[in-house]
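Peer 1: sequence and predicted structure, then a few things I'm wondering about:
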Amino acid sequence: MSSVKAELLTSPAAVKFKDSMGGQYDEGYVKISPPGHVQPAGFMDDLPKILDFQVRPDDVWVVTFPKCGTTWSQELVWLLMNDLDFDQAKKVPLIDRFPFLEASTIIPQAVKKPPHSLDVVGGMKSPRLIKCHLPVELLPKQIWSVKPKIIYVARNAKDVIVSYYYHHRLWNECTLTLDEFAECFMENVVSYLPFWDHILAFWRLRNEPNILFYSYEDMKTDLAAVVRKVADFLERPVPAEKLPQLLDHLSFQKMRDNRAVNFEGLVDDQRVGVGLRPTSSDQTFMRSGKVGDGREKLSPEIQQRVDAWTRACLEGSGYDGPR
């Protein structure tokens, strides 16, 4: 920790973004170096515990930048690791079956309640299934010596920007316009950025035997192929006769209607806890689920800027995934 430093973000874009969050993050956001990762300032209180978190060899981690198919992949992995128990998958909230490691470190102070998410994950029986959005450099240090299985999911930048914008409107009532949010995204003043650094670090590790790298677009193009790939990686084959039921359970409409995975209720609990109104009928955790949303919703000018920014971020990387 002595080499990790946190710098409060004070640029106009950073202040604009902080002020758009309705007072929930008045302490501001910090850039953590290395690697230049952005989080609410309070995150630093728990970073030592995260870095020293005890990793187990039979853990399975789903790691993504937010809004890249995390929930979809979690549900797939949980079912594969639990003998396709569809009944439980419809009854028990995913957040309980597959907890979010750093959840307690990033939510507004007003709704922080015990137990801490690090303690929840630490106390789970093996094999643990763990969700995490942290970059390579801020994952628990034991990850790299213990080498549990890690599944990483990428997604194209424009769709992530749109989905992450509506995520902030859902959970935090962000008051920026979509284009303003896109500008803040490219300025690296929003939690979990920089985006391309996050993806490229895992893409460079994609050939490690304990790491599986695929994309949201892969899942949309051929979900059955991704299911087989994940099943092989986890050594949990899917009986041929069960595959149609699994694919149906994982369809966007079924996922969106499944209260155990759609965060219905939990969103309103957090919003009310920080003084916001309950959600309206058009505010849902699972919104459209399609590829190409960014091309439809971002202005032409912002799309051009995102394209130029992406080219600059990926120059010389050799990255061949969705962009």
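Peer 2: Done, it's in. What you are looking at is a predicted structure, and each value in this text was computed from that prediction instead of being measured.
Peer 1: switch to C-alpha atoms for all contacts and neighbour counts from now on
Peer 2: OK.
Peer 1: now stretch 128-136: mean pLDDT?
Peer 2: Average pLDDT, stretch 128-136: 98.
Peer 1: contacts for that stretch?
Peer 2: By CA atoms under 8 Å, 6 or more residues apart in numbering, the list of residues contacting stretch 128-136 from outside reads 37, 58-66, 70, 74, 78, 97-102, 121, 192, 198, 201-202.
Peer 1: let's go with 7 Å and repeat that
Peer 2: 59-66, 98-102, 192, 198, 201 (CA atoms under 7 Å, 6 or more residues apart in numbering).
Peer 1: before we move on, what about stretch 91-104?
Peer 2: Identification of contacts with stretch 91-104 by CA under 7 Å, 6+ apart yields 74, 112, 116-118, 121, 129-132, 260-261.
Peer 1: in three-state terms, label Val261 for me.
Peer 2: coil (DSSP: H, G, I helix; E, B strand; the rest coil).
Peer 1: find the nearest non-adjacent residue to it, please.
Peer 2: Leaving aside its chain neighbours, Val261 sits nearest to Leu94 (5.4 Å; criterion: CA to CA, 6 or more residues apart in numbering).
Peer 1: drop anything exposed from the contacts of stretch 91-104.
Peer 2: Taking 16 or more other CA atoms under 10 Å as the criterion, what is buried in the contacts of stretch 91-104 is 74, 112, 117-118, 121, 129-132, 260-261.
Peer 1: and the two most separated of those?
Peer 2: Maximum pairwise distance among those (CA to CA): 23.5 Å, between Gln74 and Lys112.
Peer 1: buried residues, stretch 314-323. List them.
Peer 2: Residues of stretch 314-323 classed as buried by neighbour count (16+ other CA under 10 Å): 321, 323.
Peer 1: which ones are touching Gln142?
Peer 2: By CA under 7 Å, 6+ apart, the contact set of Gln142 is 54-55.
Peer 1: hmm, back to that, closest to Ser251 out of the contacts of stretch 91-104?
Peer 2: Closest to Ser251 out of the contacts of stretch 91-104 is Val261 (12.3 Å), distances taken as CA to CA.
Peer 1: residues touching the closest one, list them.
Peer 2: Val261 touches 93-94, 255, counting by CA under 7 Å, 6+ apart.
Peer 1: for the helix or strand Gln253 falls within, which outside residues touch it?
Peer 2: Gln253 belongs to helix 252-257 when assigned by DSSP states H and E. Helix 252-257 is contacted from outside by 249, 261-262, 286, 289, using CA under 7 Å, 6+ apart.
Peer 1: out of the residues you listed, which is most surrounded?
Peer 2: Counting neighbours by other CA atoms under 10 Å, Val261 comes out on top of the contacts of helix 252-257 with 23 neighbours.
Peer 1: for that residue, grab phi and psi.
Peer 2: Phi and psi for Val261, reported as degrees, to the nearest 10, are phi -120, psi -10.
Peer 1: now do Gln39
Peer 2: Torsion angles, degrees, to the nearest 10, at Gln39: phi -150, psi 160.
Peer 1: any idea what it is bridged to?
Peer 2: Val30 (DSSP bridges).
Peer 1: what residues are up against it?
Peer 2: Taking CA under 7 Å, 6+ apart, we find Gln39 in contact with 29-31, 191-192.
Peer 1: of the residues you listed, closest to Ser3?
Peer 2: Lys31 (13.6 Å).
Peer 1: the closest one touches Glu7, doesn't it?
Peer 2: Yes. Applying CA atoms under 7 Å, one finds Lys31 in contact with Glu7, separated by 5.2 Å.
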